[in-house]
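Undergrad: Kindly return the folded structure for what I paste below:
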Amino acid sequence: MADTTRRTGLYDLHVERGARMVPFAGWDMPVQFPMGVMAEHLHTRARAGLFDVSHMGQVLVTPGDGRIETAAAALETLIPADLAGLAPGRQRYGLFTNDQGGILDDLMVANRGDHFLLVVNAACAAQDIAHLQGLAGVDVTPVTDRGLLALQGPMAATVLGRLVPEVGDMRFMDSRILGWKGADLWISRSGYTGEDGFEVSVPAARLEEFARALLDHPEVAPIGLGARDSLRLEAGMPLYGHDMDGSVTPAQAALGWSIPKVRRMGGARAGGFPGAEVILPELGTPAVLRRGLRPEGRAPIREGVAIFAAPEGGEALGHVSSGGFGPSVGGPVAMARLPVDIPEGGQVWAELRGKRIPVTLSALPFVSPSYKR
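TA: Down below sits the predicted model:
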């Protein structure tokens, strides 16, 4: 059988840099570079890490009548967010939901003035595009001629500002089109690490050139999927297919904050999206909720590990949805959907290789974000 794994425009650069490549969501992606996952993680927290996220789906949603309000109204039938109130040049986190109240995907939505730009997860991109193409009154165009980079860390603004000085004026969740050597860059001040940083959509023909221009700066190192995962876990950010899926509601995933007052019961545009009759009554009163966990000792508790109320006996309260070692925290961290009535600081037990170890319920995120407000 032929190998159908896709390659991003930076595949050759990754190999040149000594990356260990692995299949991920249908793509051949770097999981780590010679620096190693721990060092890559810490480098991003201290300086700036460059991530290839070209596997993510980029989609344009354009109103047929030329009115951005038309596109906003159409998208709000699928996404429980305030897109009508999203100002030009700003972006917002949102969710696709299903009729049962579960999460189909999470995504970013940017108002580009006369259309919206959506960035969706790689594994869900085909499903999401088909979902969007059912909307009336808008044109849905997958972007196939651009790559996507994320530059994250406290030195990200300094480095990117050397190439594109205008980024210094951007705030967290701003989205702008800025020029670099004749190329239009679609830049948002956002990311998936808890650090200040940017996501930059680059024309495919200029992607490697732009990546090399960033890597020429001593503050920047290439970072793989391994550190990307540990960084987002420390930042308390859920990962689709692990911490949420079609069977998990926004409230259970601790993402109720993404549904604003205007879309909630009693709001001016309440409901009107798939699963609203399940999702809205549960906001603020879920029985289970995505919680942070800090195991004792140094051994990580990983996805699938059962969590119990006591050191012996009883039924499992839930299972770890994401877990690993937090290099910045200096110990293991994890997340699981657990009953809300267990107090923060309370103790539960994780069953690891037939033995239960004590785990403390911890506030999320495990590290404080450093976004530019």
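Undergrad: Ala183: what's it in contact with?
TA: Shown in contact with Ala183 (C-beta atoms under 8 Å, 6 or more residues apart in numbering): 202-203, 206, 210. No exception for glycine: its C-beta is placed from N, CA and C like everyone else's.
Undergrad: Which secondary structure element is home to Leu361?
TA: Here Leu361 sits within strand 355-362, counting by DSSP states H and E.
Undergrad: Kindly report the same for Glu208.
TA: Going by DSSP H and E, Glu208 is in helix 207-215.
Undergrad: Mind listing what's buried along that helix?
TA: Buried residues in helix 207-215, defined by neighbour count with 16 or more other C-beta atoms under 10 Å: 207-208, 210-211, 213-214.
Undergrad: Identify the residues contacting Gly224.
TA: Counted by C-beta under 8 Å, 6+ apart, Gly224 has contacts 19-20, 29-33, 37, 40.
Undergrad: again, 7 Å this time
TA: 19, 30-33, 40 (C-beta atoms under 7 Å, 6 or more residues apart in numbering).
Undergrad: ok, so of those, who is nearest Leu280?
TA: Using C-beta to C-beta, Val31 comes nearest to Leu280 of the contacts of Gly224, at 39.4 Å.
Undergrad: Does anything pack onto the strand holding Leu361? Which helices or strands?
TA: strand 288-295, strand 347-352 (3 or more C-beta pairs under 7 Å, 6 or more residues apart in numbering; DSSP states H and E).
Undergrad: at 8 Å what do you get?
TA: strand 288-295, strand 331-339, strand 347-352 (3 or more C-beta pairs under 8 Å, 6 or more residues apart in numbering; DSSP states H and E).
Undergrad: The last one pairs with which strands, parallel or anti?
TA: Spelled out, it's strand 347-352. When pairing is defined by DSSP bridges, strand 347-352 lines up against strand 306-308 (antiparallel), strand 355-362 (antiparallel).
Undergrad: returning to what we had before: what's the strand holding Leu361 in contact with?
TA: Counting by C-beta under 8 Å, 6+ apart, 291-297, 299, 301, 307-308, 311-312, 333-334, 338, 342-350 sit against strand 355-362.
Undergrad: repeat that for 6 Å
TA: With contact meaning C-beta atoms under 6 Å, 6 or more residues apart in numbering, strand 355-362 is reached by 291-296, 311, 342, 344, 346-350.
Undergrad: Which of the residues you listed are buried, as a PyMOL select command?
TA: Buried residues among the contacts of strand 355-362 (16+ other C-beta under 10 Å), as a PyMOL selection:
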select buried, resi 291+292+293+294+295+342+348+349+350
